Structures are given as C-alpha cells and as structure tokens.
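# Sharing a sequence plus its predicted fold:
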Amino acid sequence: MSRIARWPLFLAAVTLPLSIQESGAIDFGAEYLTSWSGCECGGDSLSYTDNQIRMLRDKLQSQGHTKRFVYSNANTWAADVTEDTDFGGIDYLFGDDVDLFAFSGHGGAPDDSAGNQTFRVPFCKASGAPSCRFDAANARLGESSGHYASPNGGTARYSIWLTCYSVHTEPIEQWAQTMRQGHDYVMGYRGTSADSYTTDEVPRDWARKAMRSSNPWRFKKAWLWAIEDWWIDDTGAVVANGSDRDHAIERRNRYRRTWSGPHSANWYWYAWSWHEG
C-alpha cells in the first residue's frame, strides 16, 4: 500500500529534475544490540541482530563497498546518529559520515507531547546525547547547508532501521525532521519485526539486489522483496521525500543507489509505501 503527504504546511514548489548519475562504491556504517547488559538503556535480549548486520556487512564488502565501522552492544551510542548542532550528538563522526547507516535492535513509535508519532531506539549509552534513547526528532542526516550544517555537515544518503515500528503508520511525523534537508531514503518496518533465523537475511538480500554494480534494483522493490518470508509476515515499509507531490512519489518508487545525493534543498513532501511479506 502507499500514501503521500506534505508537512507541515503547503509551500509553493517547482518540480526539480531527477538528479541521476552513475556512481561507484559507497561507504557504510552499522550498529546492533543483542544485549543491554550494563547499558544506560534497557531492552530484552535479541538473538539475530548480529546475524543481520554481519550478513549485510559481508555482502556489501563483497560488492566492493567500504565498511567504516560496525559497533555492537556496549559500544552503541545514541550520540552516533544524533545531530551535533543543538542536540549534543556526534553524528558527523559516525552515522552522518557514511552514505548508508544501518541499525538492528529494538524500536518504538510512541506519541510525543504534541501527539505526533515518533521513532525511538534504546542504544546502550548516550555518550553526549540527551539520552541513551535515540529520538529521530533529534537527528538531521545528510545536511550540506543551512543551520544544521554548521559547524559540521553530513553525508548520509539513506538508512535501514531493522527494528519494530521504524517506518510505522505516520512516517512523516517520525522522519520529516531527520530527512528534510539531506537524507533521501529510509527503510524499515510498519508494526513489529521478528527476531528470527528466517528473517536475519533481510538486509543482505536487499543489498544483493539494490547495491550490486550491474543493474541495481530500485530501493523500494529490493526492500519489499527482501522482507518476504514463508513463515513470518513482517510488513516492510519505505519513505522518501521530494520538492512536490509527484517528485516525492517518483523518488519513493524509483530511487536507486546510482542517484546523486543527499539532496541540498528543503523538501516538505513525503511519500511512503508498505507491503506485508
């Protein structure tokens, strides 16, 4: 299923031509938790998050992409994906200093004090961020100009959140602040996602199709294909943005790794899709 929306108010916009260019290898970083023992945040133990990230790492490296970091358990910090300007993070050193950031662990979508749906993740430690519990409202990824680009800009083009509720029923409320200027694409789950040996290959399967050098698949097609499973009916979801309604829809449906990014303009239109495996 699919939806599109704009946020927060209508702004006059001109459709921009899609910027597409052939590009080479990307760099990536990833983090995961199997245990919150000794952490500032808590969470039930998980069994297959390490498999998910290791299989993704191995596939990306086999395709010629560059691993910048992989951190686990006590070394996972909310600050790594929290904006440094105004929010106390160090994303410019980690989550916003790679083309692709991936995380596997727990996630939730509670309402904030204004009644808007959020996306929150219990990392192990805060390490400078306001909390060990990452909040997407405090993230600004891929920003190359404007307030949040000073003193440190970002380069993150897309992210994978292998958690429950990461692209849930109101993804525009979850991700608009993170993506508005820069971040091009988010992949995750609507509702819960299983911690299972039958689904630990999901990010690897996505990379197999979407990140290969020859005829890479569109992100939406690859992600919704990758979450398919004979035994577990997780619902994969994606969200992208654009300069207007049609631009957002086209980017949601057609975005590939060969497209240029992150985008430098402020975009207020969002489009998302979900599919039950």
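Ah, there it is. Since the model is a prediction, treat every value here as computed from it, not as a measurement.

# Helices of the stretch 51-200 of the chain, residue ranges please.
If DSSP state H, counting those that start in this stretch is used as the criterion, the helices of the stretch 51-200 of the chain fall at 171-179.

# Tell me where the stretch 51-200 of the chain has strands.
66-72, 100-104, 120-122, 133-135, 158-162, 185-189 (DSSP state E, counting those that start in this stretch).

# List of residues touching the last one?
Contact partners of strand 185-189, identified using C-beta atoms under 8 Å, 6 or more residues apart in numbering, comprise 107, 157-168, 171, 175, 178-179, 206, 219, 223, 227, 234-240, 251, 255. Where C-beta positions appear, they are placed from N, C-alpha and C, glycine not excepted.

# Can you list the strands that that strand pairs with?
The pairing partners recorded for strand 185-189 under DSSP bridges are strand 158-162 (parallel), strand 235-242 (antiparallel).

# That one to helix 171-179, inter-axis angle?
Following axes from the mean of the first three to the mean of the last three C-alpha atoms, to 10 degrees, one obtains 140 degrees for the angle between strand 185-189 and helix 171-179.

# Can you get me the start-to-end distance on stretch 150-159?
The straight-line separation of the ends of stretch 150-159 (C-alpha to C-alpha, to the nearest Å) is 22 Å.

# Residues contacting that stretch, please?
26, 84-85, 91-92, 95-103, 140-145, 182-187, 219, 261-262.

# give me that answer again for 7 Å
By C-beta atoms under 7 Å, 6 or more residues apart in numbering, the surrounding residues in contact with stretch 150-159 are 84-85, 91-92, 95-102, 141-144, 182-186, 261-262.

# again, but for stretch 59-71
Here stretch 59-71 makes contact (C-beta under 7 Å, 6+ apart) with 25-31, 53, 57, 94, 98, 204, 207-208, 211-213.
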